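Peer 1: Sequence and predicted model, in that order:
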Amino acid sequence: MLKQLLARKIDFSDADSEAHGPTLRRSLGPWGITALGIGAVIGTGIFVVTGQAAADHAGPAVLLSFVLAAICSGFTALCYAEFATLIPISGSSYSYAYATLGELVAWFIGWNMVLEYGISASAVAASWTGYFVSLLDHIGIHLPKALTEAPLAYTNGHLVSTGHLFNLPAVAIVLALTWLCYVGIRESAGINLGMVILKVGLIIVVVVAGYRYVDPSLWHPFIPQNQGPGKYGWEGIMRGAGMVFFAYIGFEATSTAAQECKNPQRDLPFGTLVSLVICTVLYLAMAAVLTGLISYTQLGTDEPVVTAIRAHPELDWLRLIVEIGALIGLSSVILVMIIAQPRIFMIMSRDGLLPRVFNRVHPRYRTPHLNTLITGAGIAVLAAVFPLDLLANLTSMGTLIAFVAVCAGVLILRFTSPELPRSFRVPWAIVICPAGVISCCALLYTMEWFNWMLMIAWTVIGLAIYFGYGLRHSRLRRSEVQAIR
């Protein structure tokens, strides 16, 4: 039993996937992968989390929170880039853990990636509603709150009823983008590239226009005096870093599209690292402008960018641009997450750890169609019922745990399989990899106990599925049994 739990999958060749019927279409180049990464990252973080982190935790020093989160993500991005050149298939950190840490750890990471992609998409869809409602209000259309807010809220460590029905706009956007992913990644990637170009352009317009009205006195004190646990000071900066880390989730989603890259060894490291750098620059610029337009204490709203603009009548013309830009940005994040999650399920199904239904590829569209429909339905239900903050916290925790495995896995593989060809190598791996593990663990330490309780419950459910189904149907286990016979 222990041997099976620690068994590693060594063969990740494309032939392994071709044996299962139609394969995914290779249609993405380096800039397509970069756009995929930017599309996954720029969204809730820049339009929602920035203001909330500044108001509740870090003040103007939210810039330092972004820098700390970027450093953590940067360490991990380097490790993802090396792994992507070694194991260029869909599966991301799940596949990387399978090659280095064994099947049980791989399952644990894959299960947590449902939090990273699936639940993350639900969180972004929930935040999408805020800007959608603001846009409708702007043009004189008002939706009832019963259909725009979740029936549950997270208050003082407990879920409470709000009396609302469900978040209808979030459900609608998820289902629309699920259909788009159903018909093909070429179409999805093309629309995502268009979304990325538009939203980056709109963000630059907001930063350039808003900078003229920045009041530098609002940046003082840059680090407000601590007012309690996680409230300003350096403790608040660290708590803010844990919060804005949610804004960086997605850059590694590029690795889930490895089997759709024209040249994964070249395109994946390029796309992963370039998308992270571009997003970090945009985050810092937006955070500096927001905290310079209005006091950080007033940014804790569902739409902090609109709140900052309203404080300056001269910028009223920007409101519509911001609302449209936010909707485009958040939509592209949801799209990329819906692209990524089914491909995680697909590779786990091919390994026998999930039922075969997750492995079916549409003969015409060459997409994991049934898997995509199942994923989209699940995301829509979560977005309809649960609040943004709860979903975001779970997403961050699942992602950080996956990042720890990737950073550790790169270093392990350097010692266990040094002969493997690597077209990209993490520089100073003996320092970078442990630094990535430590930085991720530091951010995990800032999470509240209620989030840990939910994570434990999620893990128990995942282990029940693995021992109830995955362990018995594992292809790696069956191949070892056949080899013995």
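Peer 2: Perfect, thanks for sending it.
Peer 1: From now on I want contacts and neighbour counts done on CA atoms only, so please keep to that.
Peer 2: Fine.
Peer 1: wait, residue 345 sits on residue 356?
Peer 2: No. Using CA atoms under 8 Å, residue 345 is not in contact with residue 356; the gap is 9.9 Å.
Peer 1: Between those two, which has more neighbouring residues?
Peer 2: Neighbours per residue, other CA atoms under 10 Å: of residue 345 and residue 356, the larger number sits with residue 345, 28 against 15.
Peer 1: roughly how far is the helix or strand encompassing that one from the heart of the chain?
Peer 2: Element membership of residue 345, judged by DSSP states H and E, is helix 318-350. If you compare the mean C-alpha spot of helix 318-350 with that of the full chain, they lie 9 Å apart, counting by CA atoms, centre = their mean, to the nearest Å.
Peer 1: Which elements pack onto it?
Peer 2: Secondary structure elements in contact with helix 318-350, counted by 3 or more CA pairs under 8 Å, 6 or more residues apart in numbering; DSSP states H and E, are helix 30-41, helix 103-113, helix 120-138, helix 168-183, helix 185-211, helix 304-310, helix 369-385.
Peer 1: between the third one and helix 30-41, how many degrees?
Peer 2: Just to be clear, that refers to helix 120-138. Interaxial angle, helix 120-138 versus helix 30-41 (axes from the mean of the first three to the mean of the last three CA atoms, to 10 degrees): 70 degrees.
Peer 1: now the second one
Peer 2: With the same axes, to 10 degrees applied, the angle from helix 103-113 to helix 30-41 works out at 70 degrees.
Peer 1: Now do helix 103-113, average pLDDT.
Peer 2: Confidence over helix 103-113 (mean pLDDT, whole number) is 85.
Peer 1: could you dump stretch 162-182 to CSV, C-alpha only?
Peer 2: Included here for stretch 162-182 are C-alpha records, laid out as CSV according to Å, rounded to 0.1, in the frame of the first residue of the first chain:
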residue,chain,number,x,y,z
THR,A,162,-28.8,37.1,3.7
GLY,A,163,-32.4,36.5,2.6
HIS,A,164,-31.4,36.8,-1.1
LEU,A,165,-32.2,34.2,-3.8
PHE,A,166,-29.0,33.8,-5.8
ASN,A,167,-26.4,35.7,-7.8
LEU,A,168,-28.0,35.6,-11.3
PRO,A,169,-25.4,37.6,-13.2
ALA,A,170,-22.6,35.4,-12.0
VAL,A,171,-24.4,32.3,-13.1
ALA,A,172,-25.1,33.9,-16.5
ILE,A,173,-21.5,34.9,-17.3
VAL,A,174,-20.2,31.4,-16.2
LEU,A,175,-22.6,29.5,-18.4
ALA,A,176,-21.9,31.8,-21.4
LEU,A,177,-18.2,31.3,-21.1
THR,A,178,-18.6,27.6,-20.5
TRP,A,179,-20.3,27.3,-23.9
LEU,A,180,-17.4,29.2,-25.4
CYS,A,181,-14.9,26.8,-23.9
TYR,A,182,-17.1,23.9,-25.1
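Peer 1: Now tell me what touches it from outside.
Peer 2: The contact list for stretch 162-182 (CA atoms under 8 Å, 6 or more residues apart in numbering) reads 122, 125-126, 128-129, 132, 145-153, 187-188, 331, 334-335, 338-339, 365, 367-369, 372-373, 376-377, 379-381, 383-385.
Peer 1: quick one: residue 239 and residue 230 touch, right?
Peer 2: Yes. Taking CA under 8 Å as the contact criterion, residue 239 and residue 230 are neighbours in contact, 5.6 Å apart.
Peer 1: Just want to know which of those two has more residues nearby.
Peer 2: Between residue 239 and residue 230, counting by other CA under 10 Å, residue 239 is the more crowded of the two (28 against 18).
Peer 1: helices or strands up against the helix or strand that the more buried one is a member of?
Peer 2: Element membership for residue 239, per DSSP H and E: helix 233-244. Using 3+ CA pairs under 8 Å, 6+ apart as the contact definition, the elements that helix 233-244 packs against are helix 50-53, helix 62-86, helix 388-416, helix 429-445.
Peer 1: Among those helices, which comes closest to residue 248?
Peer 2: Each of those was scored for nearness to residue 248 using CA to CA, and the closest is helix 62-86 (7.2 Å).
Peer 1: what angle do the closest one and helix 388-416 make?
Peer 2: If you take the same axes, to 10 degrees, helix 62-86 sits at 50 degrees to helix 388-416.
Peer 1: immediately after helix 62-86, which helix or strand?
Peer 2: Going down the chain from helix 62-86, the next helix or strand is helix 92-100, by DSSP H and E.
Peer 1: which secondary structure elements does that next one contact?
Peer 2: Using 3+ CA pairs under 8 Å, 6+ apart as the contact criterion, the secondary-structure elements in contact with helix 92-100 are helix 62-86, helix 103-113, helix 388-416.
Peer 1: mind checking which helix or strand of this protein has the lowest mean pLDDT?
Peer 2: Considering only helices and strands, the least confidently modelled element of the chain by mean pLDDT, DSSP states H and E is helix 15-18, at a mean of 45.
Peer 1: picking up where we left off before, can I get the helices and strands packed on helix 92-100 in CSV with distance to residue 46 and mean neighbour count?
Peer 2: Putting the helices and strands packed on helix 92-100 into CSV (distance: least, CA to CA, whole Å; neighbours: other CA atoms under 10 Å) gives the following:
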stretch, distance to residue 46, mean neighbour count
helix 62-86, 11, 25
helix 103-113, 22, 25
helix 388-416, 14, 22
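Peer 1: Same list (these) but as a markdown table, adding distance to residue 37.
Peer 2: As requested, those are arranged in a markdown table below (distance: least, CA to CA, whole Å):
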| stretch | distance to residue 37 |
| --- | --- |
| helix 62-86 | 11 |
| helix 103-113 | 16 |
| helix 388-416 | 15 |
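Peer 1: Nearest to residue 475, out of the ones you listed?
Peer 2: Put simply, out of the helices and strands packed on helix 92-100 the one that sits nearest residue 475 is helix 103-113, at 10.8 Å, with distance taken as CA to CA.
Peer 1: how far is that closest one from where the chain is centred?
Peer 2: On the basis of CA atoms, centre = their mean, helix 103-113 sits 16 Å off its chain's mean C-alpha point.
Peer 1: Convert the C-alpha atoms of that helix to CSV, please.
Peer 2: Provided in CSV are the C-alpha atoms of helix 103-113 (Å, rounded to 0.1, in the frame of the first residue of the first chain):
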residue,chain,number,x,y,z
GLU,A,103,0.7,9.5,-6.4
LEU,A,104,-0.9,10.4,-3.0
VAL,A,105,0.7,13.8,-2.9
ALA,A,106,-0.2,14.3,-6.6
TRP,A,107,-3.8,13.6,-5.9
PHE,A,108,-3.7,16.0,-2.9
ILE,A,109,-2.3,18.7,-5.1
GLY,A,110,-4.7,18.0,-8.0
TRP,A,111,-7.6,18.1,-5.5
ASN,A,112,-6.5,21.5,-4.2
MET,A,113,-6.2,22.7,-7.8
